[in-house]
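Asker: Based on what follows, work out the 3D shape:
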Amino acid sequence: MPSIIVGTAGHIDHGKSALVRALTGVDPDRLPEEKKRGITIDLGFADLELGDVRVGFVDVPGHERFIKNMLAGAHGIDLVILVVAADEGVMPQTREHFDICRLLDVRRGLIAITKTDLVEPELLPLVREEIAELVAGSALESAPVVEVSARTGVGLDELRTLLQKLAAEVPARSNEVVTRLPIDRAFGMKGFGAVVTGTLISGEIKEGDELELSPNGLRVRVRGVQVHGQSVSHAIGGQRTAVNLGGIDTAAIERGMLLGPAGRLQPLQIVDVEIDVLKATPRPLKSRARVRIHIGAAEVLGRLVVLEENGIVEPGAKGFAQLRLESPVVALPGDRFILRSYSPSVTIAGGRVLDPFAAKHRRKDLEEVRARLVELGSADHVRQLLLFVSSAGTLGMKRMDLLGRTGWTDETATAAIAEAKGQEKIKVIDEMLIGTADFVRLCETALKAINQHHVKEPLTRGLARETLRDQFFGHTAPEIFRAVIAALEDQEKIIADKDLLRSAEHSLELSGADLKLRDALQRAYEAAGFELPSIDDAFAKAQIPPAEQKRGRRILQVLIDSGTLIRVQPDLFIHRNALNRLVEKLRTFADAHEPERAIDVPAFKELTGVSRKYAIPLLEYLDGARVTVRRQDRRIVLRAKSEPPAVAGE
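Answerer: Numbering: from 1, shown residues only. This next block holds a predicted model:
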């Protein structure tokens, strides 16, 4: 059976609770203090079955001192009964409750003129005129008006009929957002433990679910579920729901917390919003004003930062603002909220969330910020996705961050991502999302950096991959960096040579002077044979003067990159031809000493004609290159393979 939530609204002692009691037979005033004083202090609940629809009533207090309690129950209602007593007419809290319902975008409802048995019939048209003036221009302007008496029963049948008709017109709750239950009441039950109640505004809750209490991040387990006082297997969006929680003490739960899926909803403290200022607000809203923010069942304090060009939003006007909250809450795009002044506590505005994870804005960017918020205000899922991903820029956005920012179910997010990807507006890289334009910018940055390196260091083979990442992509996700390099390779713009990256157009073209330096160094190392010269010794043998040694080191790197010189130790190199001769000598020696194929340091010195100064570095290099294997004080010479072995240090 489908369920809807009906909220009452109206001034204190206008008969809201009596009306709910007359309709349902349930007294919503549950607290002893409420019984004693005859007024509603906190939220009351009752339910009624009307045909094939079950109606859950949220009865709210009318006294101005308990408006925050009223606000805790006003979220999530599908339609409102605006209650006006015939003997008093429209009163201050009638107006404030009506304003709150309008600001919360409650678009369906009816108006009940109560206590009709206390006035003469000729006075009722005057009450109707007051009501018509109040609701003019609002969603309730054409709402039905019913004259009732909870004491005599007059008008109750008509009211039930209208409720049933309106209930049938309420659209089904969206299934595009994950489970959210703002908690408006928490208590302990002997033998059961912690119980929380609230209006389940989206998703479903079933026994055994692992959920999370936000913003504290407390993990809990669902031990049982009730809807309208009856145990059920699961509750769905639009139902008044009570949940028995395991794994937590009642004292740790507060009104205003939100129950949702574990690990999905992220607390926020800076949020971009659109605000609607009440006409009755005495002065314009300005930046830095301290306000009370009511969102869901939560009330938090915060500062208002107006994003309009003139820095204010006039009474009766709408505008963009940023709320900077003093305590974290959970909110999603489209969520409605109420703003009340800090002192005295009076309702001054309401609005809707546009970007729940905003950053502080610079004044010079406000025009661009407003344009983006205008788009967010009317965006579909795909456009919303693109705006959120683009706000992350070249850093990209994790899929889980998108889910936390939007509250979308996996299915909703997958569909939006697939459509945006099909339009070639985003790149999906593992679990990262990045706008196509931002990805192209990263590719351009990488290619520019590689080309600049070639200009600065024309004699090197390329730019080290890690150098590029550290200097230009330090905050970019590793998977995005890898995708950028892969894309440039696929486009044949760069060539990845092991850990070096070079432009596809780059070639090592040495000048005549460079060729002379290269040849001189090559001859010096080739002449040195197995007696490894230091770099300074090699420069001396090649007759490279000190003024040319910086360039000489670049030429040395060219010889290393080309494989002509092999690094034995950090500053010791051997010519490739000399290394090949050495390996051939070793294997010839080993073949003559079968089956041991072993050589010790003295034998190696004799074989190569070098001192221990060179023998030890050479043997250690050969061990690393898997030409030899050390066994105590000897080396075993490995047999040659059909292909040359990989040589360490190339």
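
Asker: Ignoring the adjacent residues along the chain, who's closest to Leu200?
Answerer: In space, and not counting its chain neighbours, Leu200 is closest to Thr241: 4.5 Å by CB to CB, 6 or more residues apart in numbering. For the C-beta atoms, the positions are set from N, CA and C on the backbone; glycine is no exception.

Asker: There's contact between the one you found and Ile201 in this structure, I believe.
Answerer: No: at 10.0 Å, Thr241 and Ile201 do not qualify as touching, with contact defined as CB atoms under 8 Å.

Asker: what residues do these two have in common as contacts?
Answerer: Common contacts of Thr241 and Ile201, defined by CB atoms under 8 Å, 6 or more residues apart in numbering, comprise Leu181.

Asker: Tally up the residues packed near the residue nearest to Leu200, please.
Answerer: 25 (other CB atoms under 10 Å).

Asker: Please report the distance of it from Val196.
Answerer: Taking CB to CB, to the nearest Å as the measure, Thr241 falls 9 Å from Val196.

Asker: which neighbours do those two share?
Answerer: Common neighbours of Thr241 and Val196 (CB under 8 Å, 6+ apart) are Leu181.

Asker: got the CA positions of stretch 206-216 in PDB?
Answerer: The C-alpha atoms that make up stretch 206-216 are tabulated as PDB, following Å, rounded to 0.1, in the frame of the first residue of the first chain:
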ATOM      1  CA  LYS A 206      15.400  -3.600   5.700                       C
ATOM      2  CA  GLU A 207      16.400  -5.800   8.600                       C
ATOM      3  CA  GLY A 208      20.100  -6.700   8.600                       C
ATOM      4  CA  ASP A 209      21.200  -3.600   6.700                       C
ATOM      5  CA  GLU A 210      24.500  -2.100   7.700                       C
ATOM      6  CA  LEU A 211      24.000   1.700   7.800                       C
ATOM      7  CA  GLU A 212      25.800   4.700   9.000                       C
ATOM      8  CA  LEU A 213      24.800   7.600  11.300                       C
ATOM      9  CA  SER A 214      26.100  10.900   9.800                       C
ATOM     10  CA  PRO A 215      27.800  13.200  10.300                       C
ATOM     11  CA  ASN A 216      29.600  11.200  13.000                       C
END
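
Asker: tell me the mean pLDDT over it?
Answerer: Computed over stretch 206-216, the mean pLDDT rounds to 93.

Asker: what do you get for stretch 498-506?
Answerer: 84.

Asker: List the neighbours of that stretch that are in contact with it.
Answerer: Contacts of stretch 498-506 (CB under 8 Å, 6+ apart): 446-447, 450-451, 454, 461-466, 468, 485, 492-495.

Asker: for it, which positions count as buried?
Answerer: Using 16 or more other CB atoms under 10 Å as the test for burial, stretch 498-506 gives 500-503, 506.

Asker: isn't Ala542 right up against Glu526?
Answerer: No: using CB under 8 Å, Ala542 is not in contact with Glu526, being 11.0 Å away.

Asker: These two: which is more packed in?
Answerer: More crowded of Ala542 and Glu526, by other CB under 10 Å: Ala542, with 23 against 15.

Asker: Restrict stretch 122-132 to CA atoms and write it as CSV.
Answerer: What follows is stretch 122-132, C-alpha atoms only, in CSV (Å, rounded to 0.1, in the frame of the first residue of the first chain):
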residue,chain,number,x,y,z
GLU,A,122,-21.5,34.7,9.1
LEU,A,123,-18.0,35.1,10.4
LEU,A,124,-16.6,32.2,8.3
PRO,A,125,-16.4,34.2,5.0
LEU,A,126,-14.2,36.7,6.8
VAL,A,127,-11.8,34.0,7.8
ARG,A,128,-11.8,32.7,4.3
GLU,A,129,-10.9,36.1,3.0
GLU,A,130,-7.9,36.3,5.4
ILE,A,131,-6.8,32.9,4.3
ALA,A,132,-7.2,33.8,0.6
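
Asker: Could you list the buried residues of it?
Answerer: 127-128, 130-131.

Asker: where does it sit relative to the chain's centre, distance-wise?
Answerer: The chain centroid and the centroid of stretch 122-132 are separated by 51 Å under CA atoms, centre = their mean, to the nearest Å.

Asker: quick one: average pLDDT of it?
Answerer: 94.

Asker: outside of that stretch, which residues touch it?
Answerer: Contacts of stretch 122-132 (CB under 8 Å, 6+ apart): 82, 84, 86, 89-90, 111, 113, 116, 141, 145, 147.

Asker: For those residues, which ChimeraX command selects only the ones that are buried?
Answerer: Here is the ChimeraX command that selects the buried residues among the contacts of stretch 122-132 (16+ other CB under 10 Å):
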select :82,84,86,89,90,111,113,116,145,147
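
Asker: What is the nearest of the contacts of stretch 122-132 to Pro261?
Answerer: When the contacts of stretch 122-132 are compared for distance to Pro261 (CB to CB), Leu82 wins out at 35.1 Å.

Asker: Surely that closest one touches Glu96?
Answerer: No: counting by CB under 8 Å, Glu96 is not a contact partner of Leu82; they are 11.8 Å apart.
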